[in-house]
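can't give you the sequence, but here's the structure:
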């Protein structure tokens, strides 16, 4: 599988030359929730508005959670701090890459139930660690092609927040505590 992972990484690097914006040409879904894939030339704006804020707004329509609203208002304008001194190039992402959405057949890896869009290459890695994970060779091959940038671990928490919020929207209040704990942790890390 390592050769296939290397090949996938090389394809991602070739895409950087052709795609200059974040988003996708069609609406995709993460679970049953449609994603706002309108093109945007700024990753932080795209991720903040079209991923996180969209999930927060959906939660507030159902739960009207005042603590979430308060914490989100503190975090929203500071998300850019997690991207200081790094370059983010659009990469084609699966969008929901947990171990239940990946398999391997004789011909190589198979991706199941994608929520594709062009985004930060690190985004997909956050969910790979949340629900079951992948083996260490997956991460070694990935980081051999795309080394960790400054602040990688903190951005993984930020990207995990999307998935916790998305799960809150899908499965209910049981994901509130992980969502709120992640927001509080992120707020501790920024000025």
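Sure thing, it's come through. Here the structure is a predicted model, which is why all the values come from computation and not from measurement. Numbering: from 1, shown residues only.

Tell me the predicted confidence for the residue nearest the centre of the chain.
Centroid-nearest residue in the chain, with C-alpha atoms, centre = their mean: residue 123, separated by 3.4 Å. At residue 123, the model reports a pLDDT of 93.

For it, which non-adjacent residue is spatially closest?
residue 159 (5.1 Å; C-beta to C-beta, 6 or more residues apart in numbering). Bear in mind the C-beta positions are built from the backbone N, C-alpha and C, glycine included.

what about that neighbour, distance to residue 104?
24 Å (C-beta to C-beta, to the nearest Å).

likewise residue 83?
33 Å.

one step back: what's near enough to touch the residue nearest to the centre of the chain?
47, 93, 95, 159, 162 (C-beta atoms under 8 Å, 6 or more residues apart in numbering).

tell me the contacts of the fourth one?
Neighbouring residues of residue 159 by C-beta under 8 Å, 6+ apart: 120, 122, 123, 125, 126, 127.

In strands, which of those fall?
With strands taken from DSSP state E, the overlap with these comprises residue 120.

Pick the one among the contacts of residue 159 closest to residue 54.
Taking C-beta to C-beta as the measure, residue 54 lies nearest residue 123 of the contacts of residue 159, at 14.6 Å.

measure the closest one to residue 172 for me?
24 Å.

got it, and residue 33?
In terms of C-beta to C-beta, residue 33 sits 14 Å off from residue 172.

Can you check the pLDDT for the residue nearest to residue 81 when sequence neighbours are not counted?
Spatially, and ignoring its direct neighbours in sequence, residue 81 is nearest to residue 190 (4.7 Å; C-beta to C-beta, 6+ apart). As predicted, residue 190 sits at a pLDDT of 92.

so what's residue 95 up against?
Residue 95 touches 28, 30, 35, 114, 115, 116, 117, 119, 123, 124, counting by C-beta under 8 Å, 6+ apart.

from what I can see the last one touches residue 94, true?
To tie it back to what came earlier, the one meant is residue 124. Yes - if you go by C-beta atoms under 8 Å, residue 124 and residue 94 touch, sitting 5.4 Å apart.

List the ones among the contacts of residue 123 that fall in strands.
Going by DSSP E, the strands hold residue 93 from these.

Distance of residue 57 relative to residue 36?
10 Å.

of these two, who's got more company?
residue 36 (15 against 12; other C-beta atoms under 10 Å).
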